[in-house]
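next comes the sequence, and after it the predicted model I'd like to discuss.
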Amino acid sequence: QVQLVESGGGLVQPGGSLRLSCATSGSVVTVYAMGWYREAPGKQRELVAAITSGGGTAYTDSAKGRFTISRDNAKNTVYLQMNSLKPEDTAVYYCNAQVLFTISGSARRTDCWGQGTQVTVSS
């Protein structure tokens with residue numbers, strides 16, 4: 001089994017910064033692409049940023065220039081540095097990872113989600 005555990009959310013004023021972390025644990029063999037999604041009240045979950053195992057990155061337009069996604073492959077952890085936060089960034093942020101893991105001696109690939117962490121940008 002594989003778990004993703006997120007941390008780093010909270011309340012911040014407009015213009016402030018937050019850093020989200022997401023650690024992978026369990027019988028992990030390899031972590032492929034990782035990403036951060038967010039879901040605001042009344043809206044669909046959207047991809048914010050993604051990173052490949054080789055470090056290639058992609059961002060939604062609203063995150064470009066303000067957010068930076070990175071990862072530590074040795075720790076199977078992904079980060080999202082969020083700067084110049086705006087009220088419209090308020091949402092629950094979810095970590096996602098494509099993971100190869102072992103169970104009962106067999107390797108399987110799965111799509112994992114974290115439990116979500118609340119980010120609130122408000123004065």
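Now that the structure is in, tell me what you want to look at. Numbering: from 1, shown residues only.

just say helix, strand or coil for Ser62.
Look at Ser62: counting by DSSP: H, G, I helix; E, B strand; the rest coil, its state is helix.

got the contact list for it?
Taking Cβ atoms under 8 Å, 6 or more residues apart in numbering as the contact definition, Ser62 lies against Glu88. All C-beta spots, glycine's among them, are computed from the backbone N, C-alpha and C.

for it, report the pLDDT, please.
As predicted, Ser62 sits at a pLDDT of 97.

so how far is Met82 from it?
Distance, Ser62 to Met82, using Cβ to Cβ, to the nearest Å: 11 Å.

swap in Thr117?
For Thr117 relative to Met82 (Cβ to Cβ), the value is 12 Å.

which of those two has more neighbours?
Met82 (25 against 22; other Cβ atoms under 10 Å).

quick one: contacts for the more buried one?
Each residue near Met82 by Cβ under 8 Å, 6+ apart is listed here: Ser17, Leu18, Arg19, Leu20, Arg66, Phe67, Asp89, Val119.

and the last one, how many residues sit next to it?
Pointing back at Val119 there. Around Val119 there are 22 other residues, counting by other Cβ under 10 Å.

which residues does it form beta bridges with?
Per DSSP bridges, the residues bridged to Val119 are Gly10, Ala91.

isn't it right next to Glu88, touching?
No - counting by Cβ atoms under 8 Å, Glu88 is not a contact partner of Val119; they are 11.2 Å apart.

for ChimeraX, what selects the buried ones among the contacts of Met82?
Per 16 or more other Cβ atoms under 10 Å, the buried members of the contacts of Met82 correspond to this ChimeraX selection:
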select :18,20,67,89,119
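
return the closest of the contacts of Met82 with respect to Ala50.
Comparing those against Ala50 with Cβ to Cβ places Phe67 closest, at 11.4 Å.

that closest one touches Tyr59, doesn't it?
Yes - using Cβ under 8 Å, Phe67 is in contact with Tyr59, at 6.4 Å.
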